[in-house]
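J.: Give me a 3D structure for the following:
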Amino acid sequence: GDEVDPDELNEGEGDPWVEKFNRYIDEQPGRIGMHISPDTIQYVFVDEFQDITEDRYRMLRWIAGDSSRVTAIGDPDQSIYGYDRAANDQSRSAEPFFERFAEDFNAKQYKITDNFRSLPEIVKQADDFIQLNERRASRPRLMPRRRCPNSWSHSEQYVEENEHRRYAWLDRIRNLLTEKGPDGSRPRDVAVLFRSNAEVYRAYRLIQKHHGDWLQKEGIPIIVQGATRNWLRIREIAYCLDQLQRHIDEKGENATFSPKTSTWKRLIEPQSGFPAAWDDYTLHLIRCLIERFEVEQTDDFQIEHLVEHIREALRRDKGQIYKLLQIHRSETVEKQSRTPNLVLANLHKVKGLEYDVVVMPASFQPLPFMARDVSPDEFDDMVEEERRVYYVGMTRARNRLIRYKWKREECLRQGKRFDTAGKARE
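T.: Numbers count the residues shown, from 1 in each chain. Model (predicted):
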């Protein structure tokens with residue numbers, strides 16, 4: 001596998017464009033009004049509303065004006081970026097913004113409780129865990145809508161909570177990647193989720209040391225979700241783009257192609273197949289981008305526009321491509337023949353994703369995460385957000401959830417401090 005630089009896992013700069021937009025509202029409203037006007041916008045849709053901040057909310061209010069119909073969807077229990085709000089002396093919880101939205105927009109509220117992703121006991125355990133948050137507004141419990149296969153009639157077969165043992169999760173990797181589920185197929189992916197980037201990087205090294213040769217032999221890629229990669233310099237992607245560019249050079253800049261004809265098979269895939277040493281995961285990824293682009297076209301398209309689409313998608317990727325790839329593989333690859341992915345990720349990098357198997361090793365990070373003296377009220381706020389982070393991880397699991405607990409996990413449940421020496425503190 002490729003080497004992973006731990007610095008590549010760090011968060012980006014956030015969204016300075018929101019601040020810039022609000023500055024234009026104050027200083028040059030006419031400049032914004034030339035391109036966008038609240039009087040001409042009929043509908044505004046806001047996704048992931050739980051990630052709202054004061055600056056984003058102010059921008060929303062200006063864009064929506066007094067006449068737009070505004071719809072927002074979000075889950076307060078998945079509010080895990082509260083540090084953005086805390087930096088401006090606001091609550092880490094998103095609950096106050098949901099209340100403001102309801103009042104400011106006279107909003108009609110709908111509570112969505114059906115869960116179609118996870119098996120019943122996974123839903124129950126996640127819901128039981130988030131109920132520990134006492135400041136959480138009352139809402140109905142989640143209702144699992146997937147039925148458990150007959151062969152997995154006992155919850156112990158797909159949900160585990162184990163005591164921490166050194167490398168216990170590492171010893172199970174091979175079995176989890178190869179054992180078949182109740183439908184007779186191997187998992188699409190096994191995700192090992194950690195609390196910190198440092199733990200992700202350490203796990204990557206351990207897996208390479210203990211399982212690297214086996215994974216390579218089996219053709220199973222290690223994917224570090226959220227790591228920044230220069231996709232455009234990777235051999236497989238560079239080759240595919242070169243093939244498309246060659247067609248443009250031969251036919252001219254206005255060379256077109258029909259969405260009904262496979263660009264992949266006609267212009268990219270060699271008749272003799274790709275070299276055995278090439279990475280299947282990367283080839284699947286670039287093919288996914290091409291075929292998804294084709295699906296969205298109603299008429300013949302310029303190859304040059306496809307190339308621009310691929311370059312832009314890879315340049316701006318912050319994890320969305322893996323979600324797209326999950327959907328694409330489930331639709332195009334037979335269950336019996338697909339090779340699973342091994343995913344390593346920080347819990348903060350997996351929101352919106354799902355995995356057949358989720359493993360959550362015990363963490364050795366301090367609690368609160370950024371070890372410092374805080375008031376009792378702020379500590380409680382930080383603990384509740386930390387529980388939301390774990391809740392997000394638990395609800396990524398479709399078929400199996402395997403958790404390991406040590407002193408930190410017990411302190412998190414009890415709402416106590418934990419330091420890196422392994423001590424709980426009142």
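
J.: Could you use CA atoms for every contact and neighbour count after this?
T.: Will do.

J.: which residues in the protein form strands?
T.: 43-46, 69-72, 114-115, 143-144, 159-163, 189-194, 222-225, 256-257, 301-302, 341-346, 355-360, 397-405, 417-418, 424-425 (DSSP state E).

J.: Least confident of the ones you listed, on average?
T.: Sorting the strands of the chain by mean pLDDT places strand 424-425 lowest, at a mean of 60.

J.: which regions of the protein sit below the pLDDT cut-off?
T.: The chain contains residues with pLDDT under 70 at 1-15, 153, 228, 317-320, 327-338, 371-372, 421-426.

J.: If we use 50, what do you get?
T.: Within the chain, the ranges that satisfy pLDDT under 50 run 1-2, 6-14, 336.

J.: rewinding a little: between the strands of the chain, which gets nearest to residue 309?
T.: Nearest of those to residue 309, taken as CA to CA: strand 301-302 at 11.0 Å.

J.: Mind checking the strands of the chain for the one nearest to residue 316?
T.: Set against residue 316 and scored by CA to CA, the strands of the chain come closest in strand 222-225, at 14.3 Å.

J.: what's the offset of that closest one from the middle of its chain?
T.: The gap between where strand 222-225 is centred and where its chain is centred comes out at 12 Å by CA atoms, centre = their mean, to the nearest Å.

J.: Please apply the same query to stretch 256-270.
T.: Shown here is stretch 256-270, whose average C-alpha point lies 30 Å from the average C-alpha point of the whole chain (CA atoms, centre = their mean).

J.: now do stretch 121-139
T.: 21 Å.

J.: Identify the residues contacting it?
T.: Counting contacts by CA atoms under 8 Å, 6 or more residues apart in numbering, the residues outside stretch 121-139 that touch it are 77, 95, 111, 115, 141-144, 155, 159, 384, 387-388, 391, 394-395, 397, 400-401, 413.

J.: still on that earlier bit, tell me which of the strands of the chain sits most buried.
T.: Using mean count of other CA atoms under 10 Å, the stretch among the strands of the chain with the greatest mean number of neighbours is strand 189-194 (a mean of 25).

J.: Tell me the strands beside that one, with direction?
T.: Strand pairing for strand 189-194, using DSSP bridges, gives strand 341-346 (parallel), strand 355-360 (parallel).

J.: circling back to that earlier point, the strands of the chain: which one's closest to residue 215?
T.: That would be, of these and by CA to CA, strand 222-225, which comes in at 8.2 Å.

J.: Dump the closest one to CSV, restricted to CA.
T.: As requested, C-alpha coordinates have been extracted for strand 222-225 and formatted as CSV (Å, rounded to 0.1, in the frame of the first residue of the first chain):
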residue,chain,number,x,y,z
ILE,A,222,-6.1,-0.4,2.8
ILE,A,223,-8.1,2.9,2.5
VAL,A,224,-7.3,5.7,5.0
GLN,A,225,-10.6,7.6,4.8
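
J.: And that strand, what does it pack against?
T.: Strand 222-225 is packed against strand 341-346, with contacts defined by 3 or more CA pairs under 8 Å, 6 or more residues apart in numbering; DSSP states H and E.

J.: possible to save the strands of the chain as CSV with distance to residue 308?
T.: Formatted as CSV, those follow (distance: least, CA to CA, whole Å):
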stretch, distance to residue 308
strand 43-46, 27
strand 69-72, 31
strand 114-115, 37
strand 143-144, 41
strand 159-163, 44
strand 189-194, 30
strand 222-225, 24
strand 256-257, 14
strand 301-302, 10
strand 341-346, 28
strand 355-360, 30
strand 397-405, 35
strand 417-418, 49
strand 424-425, 53
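
J.: wait, which of the ones you listed is closest to residue 237?
T.: Nearest to residue 237 among the strands of the chain is strand 222-225 (16.3 Å), distances taken as CA to CA.

J.: Relative to the closest one, what are the paired strands and their orientations?
T.: Applying DSSP bridges, strand 222-225 is found paired with strand 341-346 (parallel).

J.: Tell me which of the strands paired with strand 189-194 lies nearest to residue 150.
T.: Within the strands paired with strand 189-194, the stretch nearest residue 150 is strand 355-360; the backing value is 17.6 Å (CA to CA).

J.: That closest one versus strand 159-163: what angle between them?
T.: Per axes from the mean of the first three to the mean of the last three CA atoms, to 10 degrees, the angle that strand 355-360 makes with strand 159-163 is 20 degrees.

J.: Hey, what's the angle from strand 355-360 to strand 397-405? Just curious.
T.: Between the axis of strand 355-360 and that of strand 397-405 there is an angle of 10 degrees, by the same axes, to 10 degrees.

J.: centre of the chain versus strand 355-360, how much separation?
T.: Here the centre of mass of C-alpha atoms in strand 355-360, compared against the chain's by CA atoms, centre = their mean, lies 13 Å away.

J.: what about residue 125, how many neighbours?
T.: By other CA atoms under 10 Å, the residues close to residue 125 number 15.

J.: how close does the residue nearest to residue 174 when sequence neighbours are not counted sit to residue 343?
T.: With sequence-adjacent residues excluded and distances taken as CA to CA, 6 or more residues apart in numbering, residue 174 is closest to residue 211, at 8.0 Å. Noted for residue 211: a distance of 14 Å to residue 343, by CA to CA, to the nearest Å.

J.: Between the strands paired with strand 189-194, which one is closest to residue 151.
T.: Closest of those to residue 151 is strand 355-360, at 16.5 Å (criterion: CA to CA).

J.: what does the closest one rub up against?
T.: Defining contact as CA under 8 Å, 6+ apart, one finds that strand 355-360 is touched by 169, 176, 187-194, 393-394, 396-404.

J.: likewise stretch 163-173?
T.: The set of residues external to stretch 163-173 that reach it, using CA under 8 Å, 6+ apart, is 206, 207, 359, 361, 362, 404, 405, 406.

J.: Which two of these have the greatest separation?
T.: Looking at the contacts of stretch 163-173 by CA to CA, the two members farthest from one another are 207 and 406, with 21.3 Å of separation.

J.: quick one, what contacts residue 265?
T.: By CA under 8 Å, 6+ apart, the contact set of residue 265 is empty.

J.: actually residue 179, sorry about that
T.: The neighbourhood of residue 179, defined by CA under 8 Å, 6+ apart, consists of 186, 187.
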